[in-house]
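Undergrad: have a look; sequence and predicted model below, questions after that.
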Amino acid sequence: METPRPMLEADGLTKRYEDGNLALDHVSFDVYPGQVYAMLGGNGAGKTTAINLFLNFIEPTDGEARVDGIATHKEPLKAKEKLAYVSENVMLYPNFTALQNLDFFARLGGNTKYSKDDYRQVLLRVGLEEEAHNRRLKGYSKGMRQKCGIAISILKNAPAILLDEPTSGLDPKAAVEFIRLLESLREEGKAILMSTHDIFRAKEVADVVGIMNEGNLVMQRSREELVGEDLEKLYVEYMTGYMDEVA
């Protein structure tokens, strides 16, 4: 049986900024179709830098970020066709309704096949109540805007989804709904890379958990390897152990 190729590959991924700051230090990991990979770590750990390299918002100092085998800094437009992205602070049009935002971004991406009912269905799928569909986003909470951003990423129907702190701003009920949504996207074969501070949600949904600290991938374990483990305790131990080593 042929081994599946990773949809997302970080291969010795390194980013050193002009001021000398080493934001990412030869980090390697893979995310396969039908898999959720959760990157844990504090602020400045390198999680967002890794995602930005996959999106070609910045270029690597060394190594490669690849999407379906395409190096993002060599063929950025081709790679982005296969990516959907939801940032922590979703940037949408506040004077547009949810339906108008979805229609605008779908058309911007070249998708003109969707009907208003298609937009309604995907908004309901992400947990946005129907009464909010025709309201302008300037009256939305952060969590509601997040749902709208996730709906736009689903409409793109890309094989890989990048999520930067996706549960930020979601209340407990919405966070549970979001985890169920991730599970359904995984069942559809999406490769999902998620950066998060949320250890509880990471353990609940992730197939693989990586812990980042100061630009280094200091731990990576599969769901099976984490059975019976206290992920929060492991996180603290790896953070403390790594800091002791570099001190």
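TA: Great, that's in hand. Numbers count the residues shown, from 1 in each chain.

Undergrad: wasn't residue 112 part of a helix?
TA: No. Counting by DSSP: H, G, I helix; E, B strand; the rest coil, residue 112 is not part of a helix but coil.

Undergrad: tally of neighbours for the nearest residue to it once chain neighbours are set aside?
TA: Excluding the flanking residues, the one nearest residue 112 by CB to CB, 6 or more residues apart in numbering is residue 106, at 7.7 Å. C-betas here are computed from N, CA, C, even on glycine. Neighbours of residue 106 under the rule other CB atoms under 10 Å: 20.

Undergrad: and what of residue 68?
TA: Residues near residue 68, counting by other CB under 10 Å: 19.

Undergrad: before we move on, the earlier item: the residue nearest to residue 112 sits in which helix or strand?
TA: Using DSSP states H and E, residue 106 sits within helix 98-108.

Undergrad: give me the contacts around that helix.
TA: 92-93, 96, 112, 114, 116, 119-120, 122-123, 128, 132-135, 137, 140, 148, 151-152, 155-156 (CB atoms under 8 Å, 6 or more residues apart in numbering).

Undergrad: next one: it to chain centre, how far?
TA: With CA atoms, centre = their mean, to the nearest Å as the basis, helix 98-108 stands 21 Å off its chain's centre.

Undergrad: in it, what's buried?
TA: Residues of helix 98-108 classed as buried by neighbour count (16 or more other CB atoms under 10 Å): 98, 99, 100, 101, 102, 103, 105, 106.

Undergrad: how about the helices in this structure?
TA: Taking DSSP state H, the helices of the chain run over residues 47-54, 76-80, 98-108, 116-125, 142-156, 172-187, 199-205, 231-246.

Undergrad: and the fifth one, what does it pack against?
TA: When contacts are defined as 3 or more CB pairs under 8 Å, 6 or more residues apart in numbering; DSSP states H and E, helix 142-156 packs onto strand 83-86, helix 98-108, helix 116-125, helix 172-187.
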